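A.B. asks: coords below, sequence missing:
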């Protein structure tokens, strides 16, 4: 499967999750992301990472509820938990600790939490189902350095976590207890020293395998173009996702960002003389996936939040469509 | 192919040069073995050849290094990528891609080769190194031997004319090491590659080497044919030591050479050992093999009963029963991934244990003790000794160890001195040699006077002298009534140090018996001396020398 097919499906769902006004629709997106990621993930280290995203999503919902109870603005409604208000000093005007917790308030907080959880799960599903290395290899040659950095980070970060666990286990052998600032120092020292050694070894290995050996001189126009692209894409995405933002912040800025990004990459790419072994192929399966993602996003945008029953059902069908691919593996990826 | 002209390398801040006036010419198609004690500059020599010294490491390089006509003064390592392939120690640290295939193409992509060329070379390399079935596997999930072959393949795809390997087999079990070395010798013979390889365990490679380069501790280098260099080398494999004891000239380098010459020696030994020969070894042989029998009423210092260790996907240890007696050194052997480390950690009470019982001499379970109490009974030295050390000087580590163990101040420092001689107390633990680090960790772990000592692969990166000292030390610990269990891939070390050998496979005990019985039973585990002298059951040169001394 082409990595961008998964990403466009996931991004489509994220747009849908951000803009939908219906809680059932949100719940369906969460379920779809969970199901698709769990059923389609591979056996490798990436596949094993998905439970981490699930934990993060649960934590987000729980935190959102806790924050609502502690500092949230209490809406009127049926009171479920009558906590006394704690008066705050004058300098903290507008902040209120505790107070009566109502069903409506809780429901709003839960929906907000669910929305964030849906985002986390969609991105998590895409990250689990695609390889960062393969995704970045489809980017223009100019982003090659960035791609290499991300691949190294994705390789080194799990190694660092494993090293920390290994060192803590070893320290216990010495009778060093696992708590307190002393323990942090005793774990951090070997782990960081190891990480430094490892990055040096990696750099040496890359250097002697010809990394950056065929790069030409830099083009001065590249940096401003790429900066423009980055800024306008960020602002444009914000404009698109926030319904209250002015209209010019949405699509026009995104188009400008894409254009300057493309020109910048082309210019920079001309300087890199490296080749690619295997190009990712875009098959009917990828088209189907992308269509599902785009369909979900379009549906929510067109129906102003997909609040009606039929809209929710269609959304669910679109979100769950990738499961067809795992049921029918003969669909060419 | 490789020329070093009067090369001197000095690292910044170092008092003396690491390499001193090195003149070396290595011809095309040679397999050249770099030997020398730890810390002598073997790695520096290898890195100078591929340009990493001084471009990457810093330091001052005087003289000239030329590889395939390219001078490293004007060529950076990346400019040499198409002529020199280098695999550094611990290949897993050098991986840049996720899957085997991507790792293999990395160098070619950097060199800008066309996709069709890449495709044919990937297939060739997969075949050459026997990696076809692994092409889509994640590199992190491979075993040590497979990772090493992938790392070699990853540099071979660029079609280099020189291959530089730094300790390619140090982490591998005997069978995996054979695989890697077979692949390397094939490259030399079939492709005419020039190979420069550093290795501590000479017994594995010396017979394949056309030339041996000896790096002395002062940084000077001598080179010559393997036979003549072994004549006077301070580091020599057991087979060469045997040749010296037997007075053979020229010295044999392979088991086959030695075996063809060994008939008279075998006859002398059979005489010396008496009519019933191998069954009754000389009582005064210094070998540890007899200690188990001579020890009076051994005390079970640690007993394991049906120990299981489970990880999310596999059972690492399945139902191991094991009793460690006081006064006995036991070796734990087996493939990479056979469950040796898991078993050691479970026995120490510090690792996971799914079921089963572990009891100490007085019936307590080490897993139920607090870590600070458990270490007074069982000491474990983990695979990477540096994990235990976190302070910035040797003296500080020793003080902390005394304090943590509640020992008299100075105990650890004194023990360290008896293990490794004088070490600069202000030195940073990471700057010590492998042998000194191991000694420091041993001293730290023994500061609480544990009776049971467990060591996970203690011989990695140790030279022959350091291994002899370690074996001596383990025997002394056993002689004081302690029990020792060590895991190792190094058959020669095990033959020297251990009285009993336990072999694990797939988490189960497949063999448990005296070192002599277990080691001579299988060709993979047999030490060189026993291969040469078969059917006489002697394992080490020391045992042979002692047997010969009886007749003299």
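C.D. replies: Looks like it arrived, so ask away. Keep in mind the model is a prediction, meaning the values are calculated, not measured.
A.B. asks: I'd like to know how many residues surround the closest residue to residue A:282 other than its chain neighbours.
C.D. replies: Of all residues not flanking residue A:282 in the chain, residue A:2 sits nearest, at 5.0 Å (CB to CB, 6 or more residues apart in numbering or on different chains). Every C-beta, even on glycine, is put in place using the N, C-alpha and C of the backbone. As a burial measure, residue A:2 scores 22 neighbours (other CB atoms under 10 Å in any protein chain shown).
A.B. asks: Enumerate every residue touching residue A:2.
C.D. replies: For residue A:2, the contact set (CB atoms under 8 Å, 6 or more residues apart in numbering or on different chains) comprises A:138, A:280-283, A:286, A:333.
A.B. asks: Distance check, it against chain B.
C.D. replies: From residue A:2 across to chain B, the span is 16 Å (CB to the nearest CB, to the nearest Å).
A.B. asks: Setting aside sequence neighbours, what's the nearest residue to residue A:319?
C.D. replies: residue A:32 (3.5 Å).
A.B. asks: What helix or strand is the one you found located in?
C.D. replies: helix A:23-40 (DSSP states H and E).
A.B. asks: May I see the buried residues of the helix or strand where residue B:379 lies?
C.D. replies: In this structure, residue B:379 sits in strand B:378-381 according to DSSP H and E. Using 16 or more other CB atoms under 10 Å in any protein chain shown as the test for burial, strand B:378-381 gives B:378-381.
A.B. asks: Isn't residue B:106 up against residue B:100?
C.D. replies: No - using CB atoms under 8 Å, residue B:106 is not in contact with residue B:100; the gap is 11.0 Å.
A.B. asks: Toward the C-terminus, what is the element adjacent to the helix or strand bottoming out on mean pLDDT in chain B?
C.D. replies: Of all helical and strand segments in chain B, the minimum by mean pLDDT, DSSP states H and E falls on helix B:291-294, at a mean of 46. Where DSSP H and E defines the elements, the next helix or strand beyond helix B:291-294 is strand B:300-310.
A.B. asks: Any part of that following strand near chain A?
C.D. replies: No - Strand B:300-310 is not in contact with chain A by CB under 8 Å from any CB of the partner chain; minimum separation 13.7 Å.
A.B. asks: how about residue 241, phi and psi?
C.D. replies: I'll assume chain A. phi -90, psi -30 (degrees, to the nearest 10).
A.B. asks: for residue B:26, same thing?
C.D. replies: phi -110, psi 120.
A.B. asks: Okay, and the spatially most central residue of chain A sits in which element?
C.D. replies: The structure's chain A has its C-alpha centroid closest to residue A:123; by CA atoms, centre = their mean the separation is 3.7 Å. Here residue A:123, judged by DSSP H and E, is contained in helix A:103-129.
A.B. asks: picking that back up, next secondary structure after the helix holding residue A:32?
C.D. replies: Using DSSP H and E, the first helix or strand after helix A:23-40 is helix A:50-71.
A.B. asks: Name the residues of that following helix that are buried.
C.D. replies: Going by 16+ other CB under 10 Å, helix A:50-71 has these buried residues: A:50, A:53-54, A:57, A:60-61, A:64-65, A:68-69.
A.B. asks: what's the answer for stretch A:18-38, then?
C.D. replies: Under 16+ other CB under 10 Å, the buried positions of stretch A:18-38 are A:18-20, A:22-23, A:25-30, A:32-37.
A.B. asks: so what's residue B:510 up against?
C.D. replies: Here residue B:510 is in contact with B:334, B:503-504 (CB under 8 Å, 6+ apart).
A.B. asks: So it versus chain A, what's the distance?
C.D. replies: Distance from residue B:510 to chain A, by CB to the nearest CB: 28 Å.
A.B. asks: Repeat that for residue B:205.
C.D. replies: 22 Å.
A.B. asks: Apart from its neighbours in sequence, what residue is nearest that residue?
C.D. replies: residue B:199 (5.1 Å).
A.B. asks: what does residue B:400 give?
C.D. replies: That would be residue B:391: by CB to CB, 6+ apart, it lies 6.0 Å from residue B:400.
A.B. asks: returning to what we had before: what strands flank the strand holding residue B:379, and is each parallel or antiparallel?
C.D. replies: In the sheet, strand B:378-381 lines up against strand B:452-456 (parallel) (DSSP bridges).
A.B. asks: pretty sure residue B:62 is in contact with residue B:18, am I right?
C.D. replies: No - under the criterion of CB under 8 Å, residue B:62 is not in contact with residue B:18, lying 12.0 Å apart.
A.B. asks: Backbone dihedrals for residue B:73, please?
C.D. replies: phi -70, psi -40.
A.B. asks: wait, doesn't it sit right on residue B:64?
C.D. replies: Yes - judged on CB under 8 Å, residue B:73 makes contact with residue B:64 at a distance of 6.7 Å.
A.B. asks: domain ranges for chain A?
C.D. replies: A:3-139+A:288-324, A:222-271 (automatic domain parsing).
A.B. asks: Now list the buried members of the contacts of residue A:2.
C.D. replies: So, by 16+ other CB under 10 Å, the buried ones in the contacts of residue A:2 are A:280, A:286.
A.B. asks: would residue B:195 count as being in a helix?
C.D. replies: No - counting by DSSP: H, G, I helix; E, B strand; the rest coil, residue B:195 falls outside a helix, being strand.
A.B. asks: surely residue B:424 meets residue B:394?
C.D. replies: Yes - when contacts are counted by CB under 8 Å, residue B:424 is listed as touching residue B:394 (7.1 Å).
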